[in-house]
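> Take this sequence and fold it.
(one chain, ligands or ions: 1)
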Amino acid sequence: MLDVRGLRKIYGGHGREVEALRDLTFTLDPGELVCLVGPSGCGKTTLLKCVAGLLAPTSGEVLLDGSPVTGPRPGMAVVFQEYSRSLFPWMRVRDNVELPLRQKKSLGRQRRHALVEDALEAVGLTASAGAYPWQLSGGMQQRVAIARALAYEPEVLLMDEPFAAVDAQTRAGLEDLVRKLWQERGMTILFVTHDIDEAVYLGQRVLTLSASPTVVQDELKITLPHERDQLESRADARFAELRTHVYAQIRAAGTRPAPTA
Ligand SMILES: Nc1ncnc2c1ncn2[C@@H]1O[C@H](COP(=O)(O)OP(=O)(O)OP(=O)(O)O)[C@@H](O)[C@H]1O
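Residues are numbered from 1 along each chain as shown. Prediction:
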């Protein structure tokens, strides 16, 4: 479904070069939920922007269903970390969710409205459709951003540390919401986080990135039962083993020799 091959990104300009991504190769099968975890500044956002077609890589390529991604694609939607900057404050919730659907010229007004209602219901925000984003809590605003991505009916959903700015309890609820929507809708999800526990709890697989300049340091299959529960799964002895493994990988990655490029 998603094929990332030899992705490299060097930022240039102003007499300063930063090699954010060195050489990233991985694939996602259709319907997989894969988490990508890595230390702060290792290039997670850069990677997601390249995958989404929002940023051109220096070399390497991203393939969606076998064809190269060279710009934003209708099959993909992104949920960013900063919900307060991704929603338009002057638009009501339902209009925020509907906005990207207006790009899909083939959709009639009625179908657009049905998709919006359906997405808001899926995230439990039907009652807030007429509110403005600034009238909602942070967790609710992030649910609006998720609803907007869902309404777009993506095959691939890219999520960039979407819950980093909400409290722990809200975060747990949103994590369960992502798993529920993933199971119901069969989307392929690439979920980026710097939180090891979140990656292990959510994913079927966890890819660990090294410190910058970044390579894929490790790939781990999450062997927890398919049905996850915030209390039970996290108390499972396997959960502790898996998180320890990822933590050790991140620590090992951080001590790699400095790059020469
Ligand atoms: N537009 C840019 N121009 C120059 N350098 C950039 C640019 N964007 C990011 N970088 C650099 O690329 C590297 C990776 O940044 P990126 O934001 O992708 O990391 P991240 O893993 O998402 O970070 P965090 O976890 O802190 O959000 C950093 O060294 C950063 O300074």
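> Report pLDDT for Arg92.
Arg92 carries a pLDDT score of 97 in this model.
> mind listing what it touches?
Applying CB atoms under 8 Å, 6 or more residues apart in numbering, one finds that Arg92 lies in contact with Ala129, Gly130, Ala131, Tyr132. Heads up, the C-betas are built off the backbone N, CA and C, glycines and all.
> does Arg238 count as helix, strand or coil?
Secondary structure state of Arg238, per DSSP: H, G, I helix; E, B strand; the rest coil, is helix.
> My guess is it contacts Leu224. True?
Yes - taking contact to mean CB atoms under 8 Å, the distance of 5.9 Å between Arg238 and Leu224 places them in contact.
> ok, these two, which is more surrounded?
Applying other CB atoms under 10 Å to Arg238 and Leu224 shows that Leu224 carries more neighbours, namely 18 against 13.
> pretty sure the more buried one is in contact with Ala235, am I right?
No - using CB under 8 Å as the test, Leu224 is too far from Ala235 to be in contact (11.2 Å).
> so where's the stretch 101-250 of the chain shaky on pLDDT?
When the per-residue scores of the stretch 101-250 of the chain are filtered using pLDDT under 70, no range remains.
> need the residues of the protein near the ligand, please.
Residues of the chain found near the ligand, taking CB under 6 Å from any ligand atom as the criterion, are 11, 18, 20, 38, 40-46, 194, 212.
> thought Leu115 was touching Pro154?
No - using CB under 8 Å, Leu115 is not in contact with Pro154; the gap is 11.9 Å.
> For the stretch 101-250 of the chain, just list every one of the strands.
Ranges of strands within the stretch 101-250 of the chain are 156-160, 188-193, 205-209, 214-221, based on DSSP state E, counting those that start in this stretch.
> ok, the spatially most central residue of the chain to Leu33 distance?
When the chain is reduced to its mean C-alpha position, the closest residue under CA atoms, centre = their mean turns out to be Met159, at 1.5 Å. Between Met159 and Leu33 the distance, using CB to CB, to the nearest Å, works out to 10 Å.
> what do those two both touch?
Applying CB under 8 Å, 6+ apart, one finds that Met159 and Leu33 are jointly contacted by Val178, Ile189, Phe191.
> How about the contacts made by Val178?
Shown here is Val178, whose contacts under the criterion CB under 8 Å, 6+ apart are Leu33, Ile146, Met159, Ile189, Phe191, Leu202.
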